[in-house]
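In: pasting the structure only:
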Ligand SMILES: Nc1ncnc2c1ncn2[C@@H]1O[C@H](COP(=O)(O)OP(=O)(O)OP(=O)(O)O)[C@@H](O)[C@H]1O
């Protein structure tokens, strides 16, 4: 699909299929087009070109049915501050047409998922940032959707809250819910996603399990060479000529797939200051040309 905003092509020929029951991480730097993709999937935006099918429903024609079958957790907290945690969930249970007789149980279950049973009657405005985020996720699950869209679920949260949310997302997967999660945090994708689609400039530039992506694009080992700027440029040049990807990290140059170095290059570069295992972060930096937060 393609989505343009004036001169900006936010999604530029994206082709993505999400198998049932997995957590697919849509990984990419800011501005790669992840949120736009989410908005297209929820029919909040219309594609300029292309076809979108969600759980067998074609968009935009069948967007109501598609929306009813999926749970959406937006990046921006849009909880109603004046309502309690329970009331926020009740409103959504109603909107998602959970049958009247099942609503109390659905809300109770969602409160348990959010670990907010004892704060159920607290006004949302008085909950902590982490509690609100858990509530936001639970709200998207209140009707037991088969597909959940999570847009940057832990952006801006402290590490402890992030860990709590990761457990929540991991539990979804173990229940067989299909999850599409956008993130620009490598660790988040590595921990939660069965597969990652790496997005850059509106396209998927690589896709696979984290292990496969690392093996394909960064090899097994990375050699880090430290030195003055001229030395770093020289290392980059030599590695590039040998067809090996490199990345700069402040005072060092990392040569990826170092195990593939020809002996002549090994001699020219000399011993690395640090040799380490290749990571998904290396793949991210090499394929998107961006640095990592
Ligand atoms: N409503 C809009 N009007 C104009 N440009 C937009 C609009 N929405 C997105 N864009 C542009 O489209 C591109 C992709 O944005 P998008 O928000 O989808 O990226 P992203 O990968 O989700 O990044 P982020 O994590 O920062 O939200 C950016 O260049 C952005 O400025």
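Out: Structure received. Please read all numbers here as calculations on a predicted model, not as lab measurements.
In: Could I get the full set of helices for the stretch 1-150 of the chain?
Out: For the stretch 1-150 of the chain, the helices defined by DSSP state H, counting those that start in this stretch cover 34-41, 63-69, 85-95, 100-113, 129-141.
In: and among those helices, the most buried is which?
Out: Greatest average neighbour count among those goes to helix 34-41 (a mean of 24), per mean count of other CB atoms under 10 Å. (C-beta placed from N, C-alpha, C; glycine too.)
In: Rounded mean pLDDT for that helix, please.
Out: On average, the pLDDT along helix 34-41 is 94.
In: which strands and helices sit next to it?
Out: The contact analysis (3 or more CB pairs under 8 Å, 6 or more residues apart in numbering; DSSP states H and E) places helix 34-41 against strand 8-12, strand 52-54, strand 147-151, strand 178-183.
In: Go ahead and name everything in contact with the longest one.
Out: Going back to what we said before, that points to strand 178-183. By CB atoms under 8 Å, 6 or more residues apart in numbering, the residues outside strand 178-183 that reach it are 18-28, 34-35, 37-38, 41, 146-154, 169, 172-173, 188-189, 192-193.
In: Contacting the ligand as well, which ones from those residues?
Out: Among the contacts of strand 178-183, the residues lying close to the ligand (CB under 6 Å from any ligand atom) are 28, 34, 35, 152.
In: The ligand contacts on the stretch 151-293 of the chain?
Out: So far as CB under 6 Å from any ligand atom goes, the stretch 151-293 of the chain lies against the ligand at 152, 184.
In: quick one: the helices in the stretch 151-293 of the chain?
Out: Using DSSP H, counting those that start in this stretch, helices in the stretch 151-293 of the chain cover 159-174, 186-192, 210-218, 229-241, 263-269, 280-288.
In: Dump those helices into JSON lines; add mean pLDDT as well.
Out: Shown next, in JSON lines, are the helices of the stretch 151-293 of the chain (pLDDT from 0 to 100):
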{"stretch": "helix 159-174", "mean pLDDT": "85"}
{"stretch": "helix 186-192", "mean pLDDT": "90"}
{"stretch": "helix 210-218", "mean pLDDT": "95"}
{"stretch": "helix 229-241", "mean pLDDT": "94"}
{"stretch": "helix 263-269", "mean pLDDT": "92"}
{"stretch": "helix 280-288", "mean pLDDT": "92"}
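In: how about CSV for the ones you listed, with mean neighbour count added?
Out: Output for the helices of the stretch 151-293 of the chain, formatted as CSV (neighbours: other CB atoms under 10 Å):
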stretch, mean neighbour count
helix 159-174, 15
helix 186-192, 21
helix 210-218, 18
helix 229-241, 15
helix 263-269, 13
helix 280-288, 22
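In: Output the below-cut-off pLDDT ranges for the stretch 101-250 of the chain.
Out: Along the stretch 101-250 of the chain, no part satisfies pLDDT under 70.
In: same thing but at 80, please
Out: Across the stretch 101-250 of the chain, the ranges flagged by pLDDT under 80 are 156.
In: picking that back up, of the helices of the stretch 1-150 of the chain, which is nearest residue 201?
Out: Closest approach to residue 201 among these (CB to CB): helix 34-41, 11.7 Å.
In: Identify the residues contacting the closest one?
Out: 1, 3, 10-11, 14, 16, 26, 28, 45-47, 52, 54, 59, 70, 72, 75, 149, 151-152, 180, 182-184, 199, 202.
In: The same query, at a cut-off of 7 Å, please.
Out: Applying CB atoms under 7 Å, 6 or more residues apart in numbering, the external contacts of helix 34-41 come out as 1, 3, 10-11, 14, 26, 28, 45, 47, 52, 54, 75, 149, 151, 182, 199.
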